[in-house]
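Asks: no letters, just coordinates:
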Ligand code: FE
């Protein structure tokens, strides 16, 4: 496995670049906007193709790199289903898998620091976001933070992981880079409490100043959606209402870009062909299935919220598939318009 812990000194943020090997698909956890050039350079040096950019939660202390990475690499942006970010390409829930080629992380919902905080387990390590820090825990006094929920997330979820599991947090301000579950259970001063009430009391009396960047970062991180209007202005989008009328027409091929887990959970449009977004480049190259299909029929891409499909339309148009368009707003808009779903 290829693993890099990257640091943003201004916000004390750790970001993590993960891939199965050189030349493979990559994902990045908690990227920072100011460091996007560096990530892209590093991925070029390591011959990696960014497929997913993931935030553990909506950050208050730095602006996320998710939007910029998506705009520059056409990667999939990922957050939890409860995130208040306007649009991300894909949303995860507890028990889901976060997958790229050769790497699979288990998704654990660990609210408390915020109400959209997630942790991700990868083999011998866990990425804890701001839920569990090294000798600390993420504050719970804003963004719907909840010390009671955080106690539950830490004691009943994270501390149930094996003692020797490595802990990689989203931040450190003292220079520590990694810990273990057992070490935190024994040595983390915040975890030496006898009850949930004691923890709640401890967290209520921290009296921390607000993060310097909070007034900038939170609003920015809530507006990271792709500008789907630009795709629509080129005539490459149809509304969900229009799309409903196109189902079953023989000259139209509906292409579902979502992952198997999303289709399972949310259902699919009847008759749609399943070709997940990460395979798009191959599918659009000469000899690819979508290249061939697009020559005969009008390709109508869709995904969860319209981000992956908007990027797919751009890629298809660049590849010369001039019939390609997408359902603006994705399955979310489709459901709102009352479109048929089969499970
Ligand atoms: Fe945070």
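Replies: It's in. None of these values were measured; they are calculated from a predicted model.

Asks: how about the strands in the stretch 201-343 of the chain?
Replies: Here the stretch 201-343 of the chain has its strands, by DSSP state E, counting those that start in this stretch, at 237-238, 252-256, 273-274, 298-302, 325-327.

Asks: ranking the ones you listed by burial, who's on top?
Replies: Burial of those is given as mean neighbour count (mean count of other CB atoms under 10 Å); strand 325-327 ranks first at a mean of 28. Every residue, glycine included, has its C-beta placed from N, CA and C.

Asks: which other residues reach that strand?
Replies: 231, 235-240, 243, 298-302, 306, 309-310, 312-313, 333-334 (CB atoms under 8 Å, 6 or more residues apart in numbering).

Asks: again, only using 10 Å
Replies: 228, 231-232, 234-240, 242-244, 246, 252, 254-255, 257, 269, 298-303, 306-314, 316-317, 333-334, 337, 339 (CB atoms under 10 Å, 6 or more residues apart in numbering).

Asks: in the longest helix along the chain, what's buried?
Replies: For the chain, the helix reaching the highest residue count under DSSP state H is reported as helix 307-318. Across helix 307-318, burial judged by 16 or more other CB atoms under 10 Å covers 307, 308, 309, 310, 311, 312, 313, 314, 315, 316, 317.

Asks: so what's the model's average confidence on that helix?
Replies: Helix 307-318 carries an average pLDDT of 97.

Asks: kindly report the same for stretch 322-340.
Replies: For stretch 322-340, the per-residue pLDDT averages 97.

Asks: stretch 159-168 too?
Replies: On average, stretch 159-168 scores 98.

Asks: show the end-to-end separation of it, please.
Replies: The straight-line separation of the ends of stretch 159-168 (CA to CA, to the nearest Å) is 14 Å.

Asks: neighbouring contacts of that stretch?
Replies: For stretch 159-168, using CB under 10 Å, 6+ apart, the contacting residues are 3, 5, 14, 16, 29, 108, 119-129, 132-134, 153-154, 158, 176-186, 188, 191.

Asks: again, 8 Å this time
Replies: Here stretch 159-168 makes contact (CB under 8 Å, 6+ apart) with 5, 14, 16, 121, 124-128, 132, 134, 178-185, 191.

Asks: what's the pLDDT at residue 106?
Replies: 98.

Asks: what about the closest residue to it other than its chain neighbours, distance to residue 109?
Replies: Of all residues not flanking residue 106 in the chain, residue 121 sits nearest, at 4.3 Å (CB to CB, 6 or more residues apart in numbering). Residue 121 sits 12 Å away from residue 109, going by CB to CB, to the nearest Å.
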